[in-house]
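> sharing a model prediction with you, sequence too.
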There are 2 protein chains.
Amino acid sequence: LLPEAQRDWLDVVLVSPRNPLNIGAAARAMANFGFQRLSVVAPYEAHWREARSAIGAPDLLQNARETASLSEAIAACTLVIGTGSVAARRPEQKIIALPSLTPLVRSELERGGRSALVFGPEKRGLTRDDLSHCHLLVEIPTAPRQPSMNLGQAVAVCLYELATRTQLAQEFAAESRSHGTEPNAPAATLDLLGEVIERTITAAVYSPPDMEAANRHDLRLLLRRLNLNSADARRTLGVFRRILWRLKRPRP
Amino acid sequence: LLPEAQRDWLDVVLVSPRNPLNIGAAARAMANFGFQRLSVVAPYEAHWREARSAIGAPDLLQNARETASLSEAIAACTLVIGTGSVAARRPEQKIIALPSLTPLVRSELERGGRSALVFGPEKRGLTRDDLSHCHLLVEIPTAPRQPSMNLGQAVAVCLYELATRTQLAQEFAAESRSHGTEPNAPAATLDLLGEVIERTITAAVYSPPDMEAANRHDLRLLLRRLNLNSADARRTLGVFRRILWRLKRPRP
């Protein structure tokens, strides 16, 4: 298993989970593999209450964070990993098979970053909008005839992988070299940058208003593809703030 | 994932599972990772019926074998792997951490053997007697504070490991060399051999009758530690049959 301190660097995020048994099972798998930080986004209140009050519910369920939006839940995270079957959709990010995920997360840890593993609701999985907050998608290699896993089991399999794969030092080292030595900028910084860029685009009258939502989506994806570190993100933010100020203040 | 044909060589065996949801979850995990062969030993009939008739139950649950005893369920298997936490008991077999299991199972496959992965009932796990049928025990590396996994999640994690670990060729090759090229004798052959040896011991008046159960248990463990192949087992069986015949038929 990962050292205790490192397991603190993974957030497990459940988006609108429905079945209290699945919430409990996810929390139990976290406890089994020594993870502590659970966030629940926009839960169905009755089911969420039921899951938390279940007999034998692990402490971490009591300490779970509840947020209204996914971006709030992952604000401090520098590597956001979406889960689910991507067979039915056109993937917009890099897809990693679960057995290859550990080196990436470890690399992020080594650089002082924090990762989040995001699970969607039982029936429909993560939406396209949810996924646009993710740097990459992880796929559990399942059989084509029955690709969709139960939520509690998917959480268990992912956490088993992340907690126990320690022998991948070599692969990890290779991966480290290909990234920089800085962790990615946290999601909150990317969101702020995205917002300022969007306002700049609008101020520049770059595209018609009905393209706004599509542009925002594409911009969010782009900012995650770039793997900006915090310094890069702050610098870029400064540039766009200056541009925005200039656009709104006509020259004399 | 393992090639389809190879996944036919793993039996998943649930001993007296209690919760229909767990039976369903185990079957679903099997379908997710492409395994087909499920056996259920001495199930609680009502719960077993409920699990099989559940909406969306995978086909393999309909085709599952039901046996009265564990030895019947694993009769054709050459490598029997018990699961569960061994923290509370004195282990009598070799214990393997789950991440190291795949090379052993693959080695058995390569030699033409068949493996079984045996899960105990939810509350108490496999008994000492159940475990004496196992060549080795596998342990999922869990956190000391919450070591015990939910049955459906434990099945999912084990099958994920066995289905997806394909990059361990090197380790696997090393393991292959340390074994012979023959698979182990099937469990049914070992049971027959054990029975004949026991009758021989009794005929030879080797130990008092109240030691019978303990001797049987130790003998079963010994026969599995030896990793006899089928030819070895048949030869040994022949020797003991001859001895037994001689013991029972006083010389002229």
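That came through fine.
> distance between stretch A:18-30 and the chain's centre?
Computed by C-alpha atoms, centre = their mean, to the nearest Å, the chain-centroid distance of stretch A:18-30 equals 19 Å.
> could you export that stretch as PDB, CA atoms only?
Extracted C-alpha coordinates of stretch A:18-30, given in PDB (Å, rounded to 0.1, in the frame of the first residue of the first chain):
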ATOM      1  CA  ARG A  18     -28.200   7.400  -6.100                       C
ATOM      2  CA  ASN A  19     -28.000   4.100  -4.300                       C
ATOM      3  CA  PRO A  20     -27.100   4.400  -0.600                       C
ATOM      4  CA  LEU A  21     -25.600   0.900  -0.700                       C
ATOM      5  CA  ASN A  22     -23.300   2.000  -3.500                       C
ATOM      6  CA  ILE A  23     -22.300   5.100  -1.500                       C
ATOM      7  CA  GLY A  24     -21.600   2.800   1.500                       C
ATOM      8  CA  ALA A  25     -19.600   0.400  -0.700                       C
ATOM      9  CA  ALA A  26     -17.500   3.200  -2.100                       C
ATOM     10  CA  ALA A  27     -16.700   4.400   1.400                       C
ATOM     11  CA  ARG A  28     -15.900   0.900   2.600                       C
ATOM     12  CA  ALA A  29     -13.500   0.300  -0.300                       C
ATOM     13  CA  MET A  30     -11.800   3.600   0.500                       C
END
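> for that stretch, what does the pLDDT average out to?
Averaging pLDDT along stretch A:18-30 yields 94.
> same check, this time on stretch A:188-196
The model assigns stretch A:188-196 a mean pLDDT of 91.
> next, the buried residues of it.
Buried residues in stretch A:188-196, counted by 16 or more other C-beta atoms under 10 Å in any protein chain shown: A:Thr189, A:Leu190, A:Asp191, A:Leu192, A:Leu193, A:Gly194, A:Val196. Where you see a C-beta, it was placed from the backbone N, CA and C, and this is true even at glycine.
> contact partners of that stretch?
Defining contact as C-beta atoms under 8 Å, 6 or more residues apart in numbering or on different chains, one finds that stretch A:188-196 is touched by A:71, A:75-76, A:185, A:216, A:219-220, A:223-224, A:228, A:230, A:233-234, A:236-237, A:240-241, A:244.
> are any of those buried, and which?
A:71, A:75, A:185, A:216, A:219-220, A:223-224, A:228, A:233, A:236-237, A:240, A:244.
> narrow those residues to those in strands?
Among these, DSSP state E puts none in strands.
> low-confidence regions, the stretch 101-250 of chain A specifically.
Residues of the stretch 101-250 of chain A that meet the criterion pLDDT under 70 lie in A:166-181, A:250.
> out of the buried ones among the contacts of stretch A:188-196, which one sits closest to A:Leu159?
A:Ala75 (21.9 Å; C-beta to C-beta).
> re earlier: A:Ala163: which of the buried ones among the contacts of stretch A:188-196 is nearest?
A:Ala75 (24.3 Å).
> and the closest one, what is it in contact with?
A:Pro186, A:Ala187, A:Ala188, A:Asp191.
> repeat that with 6 Å
By C-beta atoms under 6 Å, 6 or more residues apart in numbering or on different chains, A:Ala75 lies in contact with A:Ala187, A:Ala188.
> gap between it and A:Val41?
Computed as C-beta to C-beta, to the nearest Å, the A:Ala75 to A:Val41 distance reads 12 Å.
> how about A:Ser16?
Per C-beta to C-beta, A:Ser16 is found 6 Å from A:Val41.
> the two - which one has more neighbours?
A:Val41 (24 against 20; other C-beta atoms under 10 Å in any protein chain shown).
> surely the more buried one touches A:Leu70?
Yes. If you go by C-beta atoms under 6 Å, A:Val41 and A:Leu70 touch, sitting 5.2 Å apart.
> which residues do those two both contact?
A:Val15.
> residues touching the residue most central in space within chain A, list them.
Most central in chain A under C-alpha atoms, centre = their mean is A:Val80, positioned 2.6 Å from the mean C-alpha point. By C-beta under 6 Å, 6+ apart, A:Val80 lies in contact with A:Ile74, A:Ala116, A:His133, A:Cys134, A:His135, A:Ala187.
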